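Asker: curious how this folds, go ahead:
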Amino acid sequence: MRETITVSLPSRIKKQLDRLVKQRETTRSHIVREALQAYLIRVEFERLRRTGVRAAQRRGVFTDDDVFEIVS
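Answerer: Coordinates of the predicted model:
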């Protein structure tokens, strides 16, 4: 199910978006959905990475060399 939201953009960004829409022959919604999805994936990746780094550091793993020692 899709829901509609309203987003306020500075006119400079809206103009860039509209140029991209024309170049790619798509819609604003499509580009904004893709951009938001990529952003959400990146945020989740960063969260998981921070969690993994903390867990590794608790086990004394701080560098790539430390990882190499464990896996080799």
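
Asker: how about F62: what's its closest non-neighbour residue?
Answerer: Excluding its sequence neighbours, the residue lying closest to F62 (Cβ to Cβ, 6 or more residues apart in numbering) is A56, at 7.5 Å. Where C-beta positions appear, they are placed from N, C-alpha and C, glycine not excepted.

Asker: residue ranges for the helices of the chain, please.
Answerer: 11-24, 28-58, 64-71 (DSSP state H).

Asker: mean pLDDT lowest for which of those?
Answerer: Mean pLDDT is lowest for helix 64-71 among these, at a mean of 90.

Asker: just checking, what packs against it?
Answerer: With contacts taken as 3 or more Cβ pairs under 8 Å, 6 or more residues apart in numbering; DSSP states H and E, helix 64-71 sits against no other helix or strand.

Asker: and the angle for it with helix 28-58?
Answerer: 70 degrees (axes from the mean of the first three to the mean of the last three Cα atoms, to 10 degrees).

Asker: can I get the CA coordinates of helix 64-71 in CSV?
Answerer: This file holds the C-alpha atoms of helix 64-71, laid out as CSV (Å, rounded to 0.1, in the frame of the first residue of the first chain):
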residue,chain,number,x,y,z
ASP,A,64,42.5,-5.4,9.7
ASP,A,65,45.6,-7.3,10.9
ASP,A,66,43.7,-8.4,14.0
VAL,A,67,41.0,-9.8,11.8
PHE,A,68,43.5,-11.5,9.5
GLU,A,69,45.1,-13.2,12.6
ILE,A,70,41.8,-14.6,13.6
VAL,A,71,40.7,-15.9,10.2
